[in-house]
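Peer 1: coords below, sequence missing:
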């Protein structure tokens, strides 16, 4: 089966095991496809990438089963087809931008493939010549939000794309201002709508990039440095100096570095040494946290015994309460039986 030029690995077999190799083949040989089929091909890619319902309200059985990575790949292939046949096609790609805007939030590290996400960011946002100001601001704001809740590799790739968009769209740098209600250029929509599905209707120009302040304190130095550099971009400098690093390169560098990255722990904030029989225990917490703490074995043994004794007392208390409830119910039933027996005798 043909593979994509970007080297995306095939998806595991599922509901549509042939979809990924077919998309890879279309992306590799799209310049050989007859132009008579281009319109139908783009319509089917649009349907596959769509995550919601049709315009008539009916659900789409195919796209509902597709993963986020598969839908992202449909967007990537659509842009490849369009760019390889630029002189012969006149296609509106707005629907694919809408889908990418939603898929950025739906992406989950570990479940979805980061390589496909960063490829979509590069080909749809970084390689595009010019974006509408509202749409560019919407993606800038969403990428900043995405960076707060993703892994270090995904966050750095998103910040690289964010910086690229800010460098190409000088007016969007008003999002770096701290004025109440956003920057000085709010656009046609005066209020930011974070849950809008269409980036052109989100009103992101009325917001500020407060996420950069938190990202500048990120545990990974590469992410914190990138966030600080973005915060220092000026709104008055109209010159465009695009970064040489792509989202794919940033993602790959941090993905390879994650295994050997160790978080530095401040010795002053570590627990104080306690008296008694103390021994050093080496604790390994994942691939990127590796440090040594001071543990008092006697203290740990005492606390564990108190904990399990408390759990035993709670369980015994619950058992006794259950017996008390059963005994009380039996006594009440016996009293009612005696009263009924007396009534029968009097009659």
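Peer 2: Yep, that arrived. Because the structure is predicted, anything quoted here is derived from the model rather than measured. Numbering: from 1, shown residues only.
Peer 1: mind showing which ranges of the stretch 201-347 of the chain have poor pLDDT?
Peer 2: 234-244, 256-295 (pLDDT under 70).
Peer 1: what are the ranges of the strands in it?
Peer 2: 278-284, 290-296 (DSSP state E, counting those that start in this stretch).
Peer 1: Tell me the pLDDT of residue 40.
Peer 2: pLDDT, residue 40: 86.
Peer 1: and the helix or strand harbouring it, what does it pack onto?
Peer 2: Assigned by DSSP states H and E, residue 40 belongs to helix 38-49. Other helices and strands packing on helix 38-49, by 3 or more C-beta pairs under 8 Å, 6 or more residues apart in numbering; DSSP states H and E, are helix 61-65, helix 68-84, helix 94-106. (Glycine included, C-beta is placed from N, CA and C.)
Peer 1: Out of those, the one nearest residue 27 is which?
Peer 2: Shortest distance between residue 27 and the helices and strands packed on helix 38-49, using C-beta to C-beta, is found for helix 68-84: 4.7 Å.
Peer 1: Pull out the buried positions in the closest one.
Peer 2: Across helix 68-84, burial judged by 16 or more other C-beta atoms under 10 Å covers 68-82.
Peer 1: average pLDDT for it?
Peer 2: 89.
Peer 1: Distance from the chain centre to it, please.
Peer 2: Counting by C-alpha atoms, centre = their mean, to the nearest Å, helix 68-84 is centred 20 Å from the centre of its parent chain.
Peer 1: Check which helices and strands that helix is in contact with.
Peer 2: Using 3+ C-beta pairs under 8 Å, 6+ apart, helix 68-84 is in contact with helix 19-28, helix 38-49, helix 94-106, helix 114-121.
Peer 1: for the helix or strand following the shortest one, packing partners?
Peer 2: Which is helix 114-121. Per DSSP H and E, helix 114-121 leads on to helix 133-148 as the next helix or strand towards the C-terminus. Judged by 3+ C-beta pairs under 8 Å, 6+ apart, the packing partners of helix 133-148 are helix 94-106, helix 152-168, helix 211-215.
Peer 1: angle of the second one against helix 114-121?
Peer 2: I take that to be helix 152-168. Taking axes from the mean of the first three to the mean of the last three C-alpha atoms, to 10 degrees, one finds helix 152-168 and helix 114-121 inclined to each other by 10 degrees.
Peer 1: Alright, I will stop here.
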